[in-house]
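Undergrad: Next one to model:
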Amino acid sequence: MPMESISSPSVPFCPRCRRALASDCTRCPDCHLGFSPLGGVLDVIGELPRETRAQNVEEFYTRSPFPGYAPGDDGATLLDRGRRTPFLDQLDASIAPDAWVLDCGCGTAQLASFLALAGPHRRIIGIDGCRESLTHADEFRQRAEISNLQLVRADLFELPAEAQGFPVVISRGVVHHTPDPDLAIRQVAERVAPGGILVLGFYETMGRAFHCVRRRLGKLVGREISFLDPVLRRRDLDAEKKRIWIDDQYRHPLEHILPLPHVLSVLNSLGFQWVRTVPPLALGTDLFEATPPLGTSALCARRWGWAWQGINDPDAGLVIVIARKNAGPS
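TA: Model prediction:
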């Protein structure tokens, strides 16, 4: 399927074949993907029964959509916030201004919306399994008048997106909330085009170590210990955002933590080459420019550094691996 399969970056368009769709259709006329329109969301799951743990996760995010939007958020405030976040600013600078981008597990689609606003000629597809999160995302998409972001409700293990079809695939903070993280990584990685980039964020074993201790201490005393959590220490966050953070970080029904060497091994088996990890983040660099692979000692030192920084880590051990898919057959 050619990358420029629609003449202008406007929704709705099919997430599988990327053809423009009539606003009232329920099946793509080209690839025959069926869906139920849910506002501006294409709902592929509908009322089909889901695996118990996936259903539990959806119910959790229905109560606490993550991340939440503030009442006054609009396109300008999201763009400003993203550009003041070093990682997001550099991610935007690293992605071509007319690229197709797939965001797997987009939640309320703040990252997808930022990339769409920052690159009006990009086409962004945001996929998530939670109807309520996508409803919030669609409300913001309409408020910010984002025409190049297609939101899709679908299961991560049955992604309605073309295999090897996207130059950039993002899955940030998702695979560790699935029943089978290795299979989730494979599903996401399968959508990366040869020579393309995967941006994979997950809770790393060493990086998450301090938060695991913090969470256990909270259970012992019967409440979260706010002074140990850098997010809960912030005075600029309102009570609702802190409640959502507490739910996501302390009460999530399904969570795995993954050691970096294992994730790298999985990616290597799928034909991906190391580019870098974040952290660290070198300001002013192209995130997709390869850095030398780390040897065993350097990898160990980096992971211990994440553990040491855990007390002040606002991402609570979320590590991002950036990897490039081999251009030839894997």
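Undergrad: helix/strand/coil for Arg186?
TA: In terms of secondary structure, Arg186 is helix; the call rests on DSSP: H, G, I helix; E, B strand; the rest coil.
Undergrad: For it, give me its contacts.
TA: Applying C-beta atoms under 8 Å, 6 or more residues apart in numbering, one finds that Arg186 lies in contact with Val266, Leu270. (Glycine included, C-beta is placed from N, CA and C.)
Undergrad: cool, and Glu51?
TA: By C-beta under 8 Å, 6+ apart, the contact list for Glu51 reads Pro179.
Undergrad: If we ignore the residues flanking it in sequence, what's nearest Arg63?
TA: Spatial nearest neighbour of Arg63, excluding adjacent residues (C-beta to C-beta, 6 or more residues apart in numbering): Asp247 at 7.2 Å.
Undergrad: How many neighbouring residues does the one you found have?
TA: Asp247 has 15 neighbouring residues, counting by other C-beta atoms under 10 Å.
Undergrad: again with Ala144
TA: Counted with other C-beta under 10 Å, residues neighbouring Ala144 total 19.
Undergrad: Tell me where this protein has strands.
TA: In order along the chain, the chain carries the following strands (DSSP state E): 36-38, 41-43, 100-104, 123-128, 149-153, 166-172, 192-203, 272-278, 318-325.
Undergrad: roughly how far apart are Leu88 and Asp286?
TA: Between Leu88 and Asp286 the distance, using C-beta to C-beta, to the nearest Å, works out to 15 Å.
Undergrad: Of those two, which one has the most company?
TA: Using other C-beta under 10 Å, the more surrounded residue of Leu88 and Asp286 is Leu88, with 18 against 12.
Undergrad: was I right about that one contacting Gly82?
TA: Yes - at 4.4 Å, Leu88 and Gly82 qualify as touching, with contact defined as C-beta atoms under 8 Å.
Undergrad: between those two, what contacts are shared?
TA: With contacts defined as C-beta under 8 Å, 6+ apart, the residues shared by Leu88 and Gly82 are Phe114.
Undergrad: List the contacts of the residue of the chain positioned farthest from its centre.
TA: Note on the chain: the largest separation between a C-alpha and the mean C-alpha position, by C-alpha atoms, centre = their mean, falls on Val221 (32.6 Å). Taking C-beta under 8 Å, 6+ apart as the definition of contact, Val221 has no neighbours.
Undergrad: If you rank every helix and strand of this protein by mean pLDDT, what lands last?
TA: For the chain, the helix or strand with the lowest mean confidence is helix 52-63, at a mean of 82 (criterion: mean pLDDT, DSSP states H and E).
Undergrad: tell me how far that helix is from the chain's mean position?
TA: Its chain's average C-alpha position is 17 Å from that of helix 52-63, according to C-alpha atoms, centre = their mean, to the nearest Å.
Undergrad: Run through the neighbouring helices and strands of that helix.
TA: When contacts are defined as 3 or more C-beta pairs under 8 Å, 6 or more residues apart in numbering; DSSP states H and E, helix 52-63 packs onto helix 131-143.
Undergrad: Show me what counts as buried in the helix it packs on.
TA: Along helix 131-143, these residues count as buried under the neighbour rule (16 or more other C-beta atoms under 10 Å): Arg131, Glu132, Ser133, Leu134, Thr135, His136, Ala137, Asp138, Phe140, Arg141.
Undergrad: one step back: save the strands of the chain as JSON lines, and put in mean pLDDT too.
TA: Formatted as JSON lines, the entries for the strands of the chain read as follows, by pLDDT from 0 to 100:
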{"stretch": "strand 36-38", "mean pLDDT": "91"}
{"stretch": "strand 41-43", "mean pLDDT": "95"}
{"stretch": "strand 100-104", "mean pLDDT": "97"}
{"stretch": "strand 123-128", "mean pLDDT": "96"}
{"stretch": "strand 149-153", "mean pLDDT": "97"}
{"stretch": "strand 166-172", "mean pLDDT": "98"}
{"stretch": "strand 192-203", "mean pLDDT": "98"}
{"stretch": "strand 272-278", "mean pLDDT": "97"}
{"stretch": "strand 318-325", "mean pLDDT": "98"}
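Undergrad: Tabulate these (JSON lines), appending distance to Lys241.
TA: Compiled in JSON lines, the strands of the chain are given as follows (distance: least, C-beta to C-beta, whole Å):
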{"stretch": "strand 36-38", "distance to Lys241": "25"}
{"stretch": "strand 41-43", "distance to Lys241": "24"}
{"stretch": "strand 100-104", "distance to Lys241": "21"}
{"stretch": "strand 123-128", "distance to Lys241": "19"}
{"stretch": "strand 149-153", "distance to Lys241": "22"}
{"stretch": "strand 166-172", "distance to Lys241": "18"}
{"stretch": "strand 192-203", "distance to Lys241": "20"}
{"stretch": "strand 272-278", "distance to Lys241": "23"}
{"stretch": "strand 318-325", "distance to Lys241": "17"}
